[in-house]
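Peer 1: Okay, structure incoming, though there's no sequence with it:
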């Protein structure tokens, strides 16, 4: 970790950790395809990263210490973008899904819920459902709230 990263705001640190997870998902099948790289750059820009920061995060993706956000909506948002990355190249790789499950566990989702949650996200994203709709479905059907 660079010295200046110690002074990052906690949300910026969480964004960097999450972005590194996205990179790991893209790399899980052994290569980052053009569609995945384009999505990484688009998501990185949306998170407020500059091109040099994105390049640095790509170079250091193996160093991930994860401190998930406290808010359920933010954790769901991160898992949603993880699954979007899984789908970015049109291939659903078993290594990517295994890593997505690990990230879901680290994010604090209940082990028993994770298979249904990942299936909900995969199917919903493929159908074009937006994140807010999928979150409502998750809370209603999986969490039973």
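Peer 2: Yes, it's here. From a predicted model like this one, the values you see are computed outputs, not experimental measurements.
Peer 1: Which helix in this structure has the most residues?
Peer 2: helix 10-27 (DSSP state H).
Peer 1: Go through the helix or strand following that helix and flag the buried ones.
Peer 2: For helix 10-27, the succeeding helix or strand toward the C-terminus, using DSSP states H and E, is helix 34-46. Of all the residues in helix 34-46, those buried under the rule 16 or more other C-beta atoms under 10 Å are 36, 37, 39, 40, 43, 44. C-beta here means a position set from N, CA and C on the backbone, and glycine is covered the same way.
Peer 1: again, but for stretch 106-117
Peer 2: 107, 109, 114, 117.
Peer 1: now residue 82, what's its secondary structure?
Peer 2: helix (DSSP: H, G, I helix; E, B strand; the rest coil).
Peer 1: my guess is it contacts residue 20, does it?
Peer 2: No: Residue 82 is beyond contact range of residue 20, at 11.4 Å (criterion: C-beta atoms under 8 Å).
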